[in-house]
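> Have a look; sequence and predicted model below, questions after that.
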Amino acid sequence: MDYPKVELHCHMDGAIPERLFIRYCREDGLVPEGMSDEEWMKKNIMSETMSLSDCMKLFAILTGLLQNKERLEELSYELLKDMYASGTKLAEIRFSPQSHMNENLSMEEAIEAVLRGRNRAQQECPGLVSGIIVCMMNLGLNLGTIENNTRTVELAAEYKDQGVVGLDLAGDEIATPIEDYGVMFALARKLGVNYTIHAGESGSASNVAFAIRQGGGRIGHGIHAIEDDAVVNELIDKDVLLEISLTSNYFSRCVPSIQEHPIRELWDRGVKININTDDPGLMGITLKHEYDLLEKLYGFSEKEFILSNLYSAQKSFCEGKEKIIAELEEAYKKCS
Ligand SMILES: [Zn+2]
């Protein structure tokens, strides 16, 4: 059955389409002379055997490529067009404005460039509902500063009517205590900004409990909730949606294998789940690849996929989501 897909957790830099990645790398002189596109991609795709330091190098290359307005605009435009072409009709893409300031771009300029790309895609894709989430960065690994994180919250509020639909906390979850960021979410609440939080991805169930208490209604991954029944029950009681990415959780070593992921157990116990790619460009995967895995390894049925998309649309931060919700309700009825 044809039904609209809803993807809420996709990092714009990690989702860079291969054609753009290769072009930017060549323009910046990163590809050794004589090396083919295929060889270059083979070296720069994340895999289960890649060491953490090589993964970090890959992220550093990506960040280095995306330091000007033209590329940021092109990336959000091309990415949303690709998502739409593959059946995603409600898309939230996220990025960290402070990660694009190496060449004197301001956070405002970075956000405006991404919004221009998003607006162009929206104009060209009938029925597409989309929004941008801006990410604060965990202060570990020198990826963010308190000042820039605070500014990110303020900018989420300032650009709220222009396509920025929410806020996130990304980066290395276990580098600094998640509780340190409570003050940022308090500011977001004061400014009327929606948010989701990366929690319980590499971190523990207690990080998920913290994220639930912040009241954003959505959590990035949250899979380690499974270690504490009380936290799983709280997810259900508080009606929290988990944004889960099977392959990403495995590649980042948050689960021992794809076969041992808690997604089926969480879903069967009544936790609402959104299916995502997280960093599809980095990992060389698509959303369809993730659906296929869930069907094959965890027996997810079409009816369950539709229900998961319906829950996700209901929890989306985007304006104009009602039409997608209605289409999914209709598809679910037909399946029942
Ligand atoms: Zn993520």
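Cool, got the structure. Numbers count the residues shown, from 1 in each chain.
> and the closest residue to residue 45 other than its chain neighbours, how many residues sit next to it?
Spatial nearest neighbour of residue 45, excluding adjacent residues (C-beta to C-beta, 6 or more residues apart in numbering): residue 284 at 4.5 Å. Where C-beta positions appear, they are placed from N, C-alpha and C, glycine not excepted. Other residues near residue 284 come to 16 when the count uses other C-beta atoms under 10 Å.
> cool, and residue 82?
Using other C-beta under 10 Å: residue 82 sits among 18 other residues.
> and it, what helix or strand is that in?
Assigned by DSSP states H and E, residue 82 belongs to helix 69-85.
> Now do the helix or strand of the chain with the lowest mean pLDDT against helix 69-85, angle only.
Ranked by mean pLDDT, DSSP states H and E, the helix or strand of the chain with the weakest confidence is helix 52-65, at a mean of 84. Between helix 52-65 and helix 69-85, the angle comes out at 110 degrees (axes from the mean of the first three to the mean of the last three C-alpha atoms, to 10 degrees).
> mean confidence for stretch 172-179?
Taken as a whole, stretch 172-179 carries a mean pLDDT of 89.
> Just checking the distance from it to the centre of its chain.
In terms of C-alpha atoms, centre = their mean, to the nearest Å, the gap separating the centre of stretch 172-179 from the centre of its chain is 18 Å.
> hang on, the earlier thing: show me what the helix holding residue 82 is packed up against.
strand 5-11, helix 18-27, strand 88-95, helix 107-124 (3 or more C-beta pairs under 8 Å, 6 or more residues apart in numbering; DSSP states H and E).
> which residues sit against the shortest one?
Spelled out, it's strand 5-11. The contact list for strand 5-11 (C-beta atoms under 8 Å, 6 or more residues apart in numbering) reads 79, 83, 86-95, 135, 170, 196, 218, 220, 241, 243, 245, 274-280, 287, 309, 312-313, 315-316, 324, 328.
> Give me the ChimeraX select line for those, limited to the buried ones.
Of the contacts of strand 5-11, the buried ones can be selected in ChimeraX as follows, counting by 16 or more other C-beta atoms under 10 Å:
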select :79,83,88,89,90,91,92,93,94,95,135,170,196,218,220,241,243,245,274,275,276,277,278,279,280,287,309,312,313,315,316,324,328
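> is it true that residue 227 touches residue 206?
No - Residue 227 is beyond contact range of residue 206, at 9.3 Å (criterion: C-beta atoms under 8 Å).
> circling back to that earlier point, do you know the pLDDT at the residue nearest to residue 45?
92.
> show me what contacts residue 314?
321, 325.
> how far does the helix or strand hosting it sit from the chain's center?
Per DSSP H and E, residue 314 falls inside helix 302-315. Distance of helix 302-315 from the chain centroid (C-alpha atoms, centre = their mean) equals 17 Å.
> again, but for stretch 25-40
Averaging C-alpha positions (C-alpha atoms, centre = their mean) puts stretch 25-40 28 Å from its chain's average.
> Going by neighbour count, list what's buried in that stretch.
Under the neighbour-count criterion of 16+ other C-beta under 10 Å, stretch 25-40 has 25, 31, 40 buried.
> likewise stretch 258-278?
Neighbour-count burial for stretch 258-278 flags 258, 261-263, 266-267, 271-278 (criterion: 16+ other C-beta under 10 Å).
> For residue 145, which residues are in contact?
Counted by C-beta under 8 Å, 6+ apart, residue 145 has contacts 98, 139.
> And for residue 47?
Counted by C-beta under 8 Å, 6+ apart, residue 47 has contacts residue 251.
> Please repeat the previous calculation with a cut-off of 10 Å.
For residue 47, the contact set (C-beta atoms under 10 Å, 6 or more residues apart in numbering) comprises 54, 55, 251, 283, 284.
> Which residue ranges of the stretch 201-336 of the chain form strands?
218-221, 241-244, 272-275 (DSSP state E, counting those that start in this stretch).
> Which strands and helices lie in contact with the first one?
To tie it back to what came earlier, the one meant is strand 218-221. With contacts defined as 3 or more C-beta pairs under 10 Å, 6 or more residues apart in numbering; DSSP states H and E, the packing partners of strand 218-221 are strand 5-11, strand 164-170, strand 197-199, helix 205-214, strand 241-244, strand 272-275.
> could I get these as a markdown table with distance to residue 74?
Shown next, in a markdown table, are the helices and strands packed on strand 218-221 (distance: least, C-beta to C-beta, whole Å):
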| stretch | distance to residue 74 |
| --- | --- |
| strand 5-11 | 16 |
| strand 164-170 | 19 |
| strand 197-199 | 26 |
| helix 205-214 | 33 |
| strand 241-244 | 25 |
| strand 272-275 | 27 |
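> Nearest to residue 152, out of the ones you listed?
Smallest distance to residue 152 across these (C-beta to C-beta): 6.9 Å, for strand 164-170.
> any idea how far that closest one is from the chain center?
A distance of 10 Å separates the centroid of the chain from that of strand 164-170, by C-alpha atoms, centre = their mean.
> If anything else comes up later, I'll come back, but that's it for now.
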